[in-house]
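Asker: got a predicted structure plus its sequence, pasted below:
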Amino acid sequence: MLIRLFRWLLGYVKFSYSGGFKEDFINDCYRSGINLKNLCTRGEELLAETKIKTYKRLHKIAFAHGGKVKIMKRKGLPFLLSPLNNRWGLFAGAVFFLFFISFMGGFVWNITVTGNNRVTEVKIVDYLAQNGFSVGTRWGSVDKEQLEISIMAYFEDVAWISINKIGSTASIEIDETVNKPEMTERNVTNVRASQDGVIVRLTVNSGWAEVKEGDAVTAGDLLISGIRESEIDKKNHYAHAKGTVLAQVESAITLNVSRRQTEKSYTYDKEYKTLYFFGMEIPLYLKKDEGTADVSAEREYLVINSYRLPVGIITEKSRYYISQTLLLSDSELEILARAELEKRKTEELGDLELISEKVSLQMNEDDCNITGKYSYIKDIGEETEILFEEQ
């Protein structure tokens, strides 16, 4: 196998000998130090293989024995590269490309973080960037051990970290610390009101109730206590106060909606593609100023064996539009104002049980003021830790 590979790298030819004495031709070739391979006959012809350089010497030997040689096939790497003999630009480009890939492989072009749950990837990457390790950083300029120690000292939740080089990707592997259980004897809490309301239902899971159903409370009032003095032993007893405190709560939402509204009229869509290559962005289009547009971008990277390479295509999608200013009538303005109020109510109140709502409108020359007053049921209990002074 190795011999065949070596012959292919050097190149060889398959030729035929005809018109002369085959035995004398073969003997003369061996006396001249010419090695012939795969000898066989085909009718009156002799078929054989030999190296490229030695084939040129066969013409003189064949003529001396009354015959001639003719090439049947050319095989090997030299014949594959022969069309490029006069195309040095392609060769130089290939060499430059290989040099460029090798050179760019010495930089960080992608960062992945695994093993993190409490510490977000964004915080890890930002800290690395602040300490000189980011996309585009040369690997040789980074003291990985010192950087790992620095990360473990900065993030309390990081117990162990390893920065590994996988091609042009920096793979950050993290093990987080195990949370220690809190001291139960100091884990004493009260439940206080987070906002004003009237108690509708009170359920105490642990601790001692300080209010009853029907009581009106204000934000900060004590609802369930975590400390109680016993009348029997005259000592304080402690608990982690827990419970559900449902109250009828009232709140208001006020919005100002302008009568003058801007409407987008979309005209057409276009896509623009950009080649992302080792940190460089090369536009694959000629873009003219075509007006205002809503723009979104998608990135697709080349992935090999689950590793993302710093090579890909960025597709920018643009929806071009023309802005039109509309002056709303009273009825149109009211519909818009009620829709905006409903949207805000959904955002703030969500799935809370609504008891009543009252909406009031005030139309002005340039705008509309809309107010929604709501009464609803909400759990207003909020746990607050009781801090003890060290003795």
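Answerer: That came in fine, so what should we check first?
Asker: which element is the nearest residue in space to Thr177 that is not next to it in sequence on?
Answerer: Among residues not flanking Thr177 along the chain, Ala159 sits closest, at 4.4 Å (Cβ to Cβ, 6 or more residues apart in numbering). Where C-beta positions appear, they are placed from N, C-alpha and C, glycine not excepted. Using DSSP states H and E, Ala159 maps to strand 158-166.
Asker: do the same with Asn116
Answerer: Using DSSP H and E, no helix or strand contains Asn116.
Asker: next one: phi and psi at it?
Answerer: phi -100, psi 140 (degrees, to the nearest 10).
Asker: got a list of contacts for the strand holding Ala159?
Answerer: 119, 133, 139, 142, 144, 147-148, 151-152, 170-178, 307 (Cβ atoms under 8 Å, 6 or more residues apart in numbering).
Asker: all helices for the stretch 1-150 of the chain, in order.
Answerer: 2-10, 22-31, 52-64, 77-81, 88-104, 121-130, 144-154 (DSSP state H, counting those that start in this stretch).
Asker: so the residue nearest to Gly214 when sequence neighbours are not counted versus Gln248, what's the distance?
Answerer: Nearest residue to Gly214 in three dimensions, chain neighbours excluded: Ile199, at 6.3 Å (Cβ to Cβ, 6+ apart). Remark: distance between Ile199 and Gln248 (Cβ to Cβ, to the nearest Å) = 8 Å.
Asker: just to revisit the earlier point, what's the burial count for the residue nearest to Thr177?
Answerer: 12 (other Cβ atoms under 10 Å).
Asker: do Glu121 as well
Answerer: 14.
Asker: go on, Asn110?
Answerer: Around Asn110 there are 16 residues (other Cβ under 10 Å).
Asker: how near is the nearest residue to it once chain neighbours are set aside to Phe155?
Answerer: Ranked by Cβ to Cβ, 6+ apart and with sequence neighbours excluded, the top spatial neighbour of Asn110 is Thr169, at 4.3 Å. To Phe155, Thr169 is 22 Å away according to Cβ to Cβ.
Asker: centroid-nearest residue for this structure?
Answerer: Thr112 (8.2 Å; Cα atoms, centre = their mean).
Asker: for this protein, give me the ranges with low pLDDT.
Answerer: 1-2, 81-91, 179-186, 231-233, 304-307, 388-391 (pLDDT under 70).
Asker: quick check: longest strand in it by residues?
Answerer: strand 307-327 (DSSP state E).
Asker: ok now it, how far from the chain's centre?
Answerer: 18 Å (Cα atoms, centre = their mean, to the nearest Å).
Asker: and the next helix or strand past that strand?
Answerer: helix 330-349.
Asker: quick one, that following helix and strand 307-327 angle?
Answerer: Computed by axes from the mean of the first three to the mean of the last three Cα atoms, to 10 degrees, the angle separating helix 330-349 from strand 307-327 equals 140 degrees.
Asker: related to what we said a few turns ago, ok, Ile199 and Gln248, which is more surrounded?
Answerer: Neighbours were counted for Ile199 and for Gln248 using other Cβ under 10 Å; Ile199 has more, 20 against 17.
Asker: Three-state assignment for the more buried one, please.
Answerer: strand (DSSP: H, G, I helix; E, B strand; the rest coil).
Asker: my guess is it meets Asp221, correct?
Answerer: No - counting by Cβ atoms under 8 Å, Ile199 sits too far from Asp221 to count as a contact (10.1 Å).
Asker: give me the common contacts of these two.
Answerer: Val211.
Asker: Tyr30: neighbour count?
Answerer: Neighbours of Tyr30 (other Cβ under 10 Å): 10.
Asker: whoops, Val257 was the one
Answerer: 19.
Asker: before we move on, what about Trp139?
Answerer: 14.
Asker: report the contact partners of it.
Answerer: Contacts of Trp139 (Cβ under 8 Å, 6+ apart): Gly106, Phe107, Val108, Lys165.
Asker: who does Tyr12 bridge with?
Answerer: Lys51, Lys75 (DSSP bridges).
Asker: cool, and Glu298?
Answerer: Thr315.
Asker: how deep is it tucked in, by neighbour count?
Answerer: 10.
Asker: thought Ile314 was touching it, still the case?
Answerer: Yes - with contact defined as Cβ under 8 Å, Glu298 reaches Ile314; the gap is 7.4 Å.
Asker: contacting residues around Ser296?
Answerer: Applying Cβ under 8 Å, 6+ apart, the residues near Ser296 are Glu316, Lys317.
Asker: off-centre distance for stretch 292-301?
Answerer: 15 Å.
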